[in-house]
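Peer 1: I would like the atomic coordinates for the input below:
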Amino acid sequence: MDERLIESLSAAVRAAPADLTLRLHLAGLLVDAGRGPEAVEHAATVLAAEPGSLEARDVMSRAMGTASAPRPDDDPVDTASGSGDQTAREPRSPAVPTEFDWHAAESDVGETVGPMFVDGSTEDPGPAPYDVELVGIRLADVGGLSEVKKRLEASFLAPLRNPELRRLYGKSLRGGLLLYGPPGCGKTYLAKAVAGELGASFIHVSLADVLDMYIGQSERNVKELFEVARSSAPCVLFLDELDAIGQKRSLTRNSGTRTTVNQLLTELDGVGSDNEGVFVLAATNHPWDVDPALRRPGRLDRTLLVLPPDREAREAILRTHLRDRPVERIDTRRLAKATEGFSGADLAHLCESASENALMESVGSGKVRMIGMADFDQALSEIRPSIGPWMETARNVALYANASGEYDDLAKWLRKQR
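Peer 2: The predicted model follows:
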C-alpha cells in the first residue's frame, strides 16, 4: 500500500512541481520507506524555495540519517564459528547529527538543485555594441551648400587635417559643432561627409539609443556611447535631434531628463576620460530648445546654419536623384527655378513622385516609357515645400528671442526670404 501511495504521489509531484506541501509529504513517505537519497532531493527542493521551513529541515535530517544507515539486507553476518551458523549482528542505529551540516547537503544535491541566482558571465562584457559605421561619402558628394562647406573647412576640418599648423596658431580642438536649420536639408548627410573626410568611424545617436524607462539607465547609455566612441577613435559621434536628447532643463520637470543632460555635459567635458580623437557633431531643427549649457565653450560651441539649397544646389540635387533613372529631355534649370524654398528631402520626393507617374502609366499601357517634364509638372502641382511651419517658428525666434545675437545669421536669411 505504501509503495502504491508513493508512486501516486510521485506522479502528482511531477505534474505539479511547484506544490511544496505535496513534495514534502512525499519526502516524508520516502524516509519512512527507507529511500533516503530520493527524499533528500525533494526536501532540498523545498528548502531552496523556503529556507526557513522547520518541517523541511526535519525531513532532510531524517533523510540524511536514513541514507547513511546500512540497510537490513546489507548487514554483515558472523562467519567466525566453524559450525556454519550465520548469526546476524545487531544493526547499528543511525547517527543523527546534533547540528545539520548544510555545506555537505548542498554538495550532495548540487547537481539536482541548481543555484537560485546566476550571473551568466565570468568577465565584464564591456560597452554595449552600438553600431559603428565606416562611411564612404565625402563633402564633394553633397550637392550645393558651398558656404556651409567653407565654414566646415575653416572651423573644423582644416585644423584637424593640419596638426602642425594647428599647434603653431594655437588652435584648440576642444568643443564640437552644432548643425541647425529646417528639416530635410542634409544635416545628417553632412555629418557623415565630415566623417568620410576625416577617414573616421561614425556613430549615429538618436533618442532611442539614450532614452530608457528605468532610473539611471539613460545616463548609463550616454556613458557607454562615449566609451564606444573613445574605443573607436578617430570617431565622429553624431547626436541627432539634440533638442530631444539635450532639452532645456528649465522646460522639463522630469528628473530623468535632467540627469541625462547632466551626464551628457560630463561626457562632453571629458571628466574622468580623454576625448582625444572623438569629434562630436550634433544636429537639431530647434536650437532654441537645446539646453544652453550644451553650447558653452568646450562643448558644442561652434554653430552652423544649414539652409535649404539655393538654385545651383537644387539643380545639383535633382541631377543626383535622376542619375540612375530613365529620363528624357529634363530641364533641371527650369525645375530648380520652380522649386524655390524646397528642401533636399522635398526635391527627392519630387523626383520620386515623377517616377511614380511614369511607372503607373507604363503599368496601365503595358509599354515602358521614359520620365519626362510632363511627369514633373504633374508632381509640382501636388507638392509644396515642407519647411513653412519651421520658418514661422524661426521668424518669431529671430525677431523676439535674439537679444544675444546668436541667431543673427538666421535673421539675415529670413529677411532675404520676404
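
Peer 1: Enumerate every residue touching Tyr189.
Peer 2: Counting by C-beta atoms under 8 Å, 6 or more residues apart in numbering, Tyr189 touches Ile137, Val142, Gly344. Backbone N, C-alpha and C define where each C-beta goes, glycine included.

Peer 1: Please repeat the previous calculation with a cut-off of 10 Å.
Peer 2: Tyr189 is in contact with Val135, Ile137, Asp141, Val142, Gly143, Leu145, Val306, Gly344, counting by C-beta atoms under 10 Å, 6 or more residues apart in numbering.

Peer 1: which phi and psi does the residue nearest to Val205 when sequence neighbours are not counted have?
Peer 2: Leaving aside its sequence neighbours, Val205 sits nearest to Leu239 (C-beta to C-beta, 6 or more residues apart in numbering; 5.1 Å). Main-chain torsions, Leu239, degrees, to the nearest 10: phi -100, psi 100.

Peer 1: So what sits opposite Leu239 in the bridge?
Peer 2: Val205, Ala282 (DSSP bridges).

Peer 1: unless I'm mixing things up, it is touching Arg299, no?
Peer 2: No. Using C-beta atoms under 10 Å, Leu239 makes no contact with Arg299, being 11.1 Å away.

Peer 1: Mutual contacts of those two, please.
Peer 2: Gly176, Leu178, Gly246, Leu264, Leu268, Val280, Ala282.

Peer 1: So which of those are in helices?
Peer 2: If you go by DSSP state H, these have Leu264, Leu268 in helices.

Peer 1: From the shared contacts of Leu239 and Arg299, list just the buried residues.
Peer 2: Gly176, Leu178, Gly246, Leu264, Leu268, Val280, Ala282 (16 or more other C-beta atoms under 10 Å).

Peer 1: These into TSV, with extra columns for distance to Arg62 and pLDDT?
Peer 2: Shown next, in TSV, are these (distance: C-beta to C-beta, whole Å; pLDDT from 0 to 100):
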residue	distance to Arg62	pLDDT
Gly176	72	83
Leu178	75	91
Gly246	66	89
Leu264	62	90
Leu268	66	88
Val280	69	89
Ala282	70	93
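
Peer 1: Just want to check the distance between Ser146 and Ala313.
Peer 2: 8 Å (C-beta to C-beta, to the nearest Å).

Peer 1: more neighbours, these two?
Peer 2: Ranked by neighbour count (other C-beta atoms under 10 Å), Ser146 and Ala313 place Ala313 first, with 22 against 11.

Peer 1: Spatially nearest residue to Gly181 (excluding sequence neighbours)?
Peer 2: For Gly181, ignoring the flanking residues on the chain, the nearest one in space by C-beta to C-beta, 6+ apart is Val306 at 3.9 Å.

Peer 1: Over to that neighbour: give its phi and psi.
Peer 2: Reported as degrees, to the nearest 10, the phi and psi values for Val306 are phi -100, psi 110.

Peer 1: Quick check: Val236 is in a strand.
Peer 2: Yes. Applying DSSP: H, G, I helix; E, B strand; the rest coil, one finds Val236 inside a strand.

Peer 1: Retrieve the pLDDT associated with it.
Peer 2: With respect to pLDDT, Val236 has a value of 87.

Peer 1: Then Glu227?
Peer 2: 90.

Peer 1: quick one: it is in a helix?
Peer 2: Yes. Using three-state DSSP, the assignment for Glu227 is a helix.

Peer 1: measure it to Ala158 for me?
Peer 2: Counting by C-beta to C-beta, the gap from Glu227 to Ala158 is 29 Å.

Peer 1: same thing with Val278?
Peer 2: From Val278 to Ala158 the distance is 19 Å (C-beta to C-beta).

Peer 1: low-scoring stretches of the stretch 201-350 of the chain, by residue?
Peer 2: 271-272 (pLDDT under 70).

Peer 1: For it, just list every one of the helices.
Peer 2: Using DSSP state H, counting those that start in this stretch, the helices assigned to the stretch 201-350 of the chain run over residues 207-210, 217-231, 242-245, 255-269, 311-322, 332-338, 344-365.

Peer 1: and the strand or helix carrying Lys412, what other elements does it pack with?
Peer 2: In the assignment (DSSP states H and E), Lys412 maps to helix 408-416. On a contact count with 3 or more C-beta pairs under 10 Å, 6 or more residues apart in numbering; DSSP states H and E, helix 408-416 meets strand 302-305, helix 388-400.

Peer 1: Run the chain-centre distance for the host helix or strand of Arg23.
Peer 2: Element membership of Arg23 [criterion: DSSP H and E] is helix 20-32. Remark: helix 20-32 is offset 49 Å from the chain centroid, using C-alpha atoms, centre = their mean, to the nearest Å.

Peer 1: elements contacting that helix?
Peer 2: Using 3+ C-beta pairs under 10 Å, 6+ apart, helix 20-32 sits against helix 2-15, helix 36-49, helix 54-68.

Peer 1: Which one's more surrounded, Leu239 and Arg299?
Peer 2: Leu239 (29 against 21).

Peer 1: What residues does the more buried one make contact with?
Peer 2: 176, 178, 191, 203-207, 209-210, 222, 225, 245-246, 264, 268, 280-284, 294, 300.

Peer 1: which of Glu227 and Ala158 has more neighbours?
Peer 2: Taking neighbours as other C-beta under 10 Å, Glu227 and Ala158 compare with Glu227 leading, 16 against 13.

Peer 1: Leu281 versus that one, what's the distance?
Peer 2: Taking C-beta to C-beta as the measure, Glu227 and Leu281 are separated by 18 Å.
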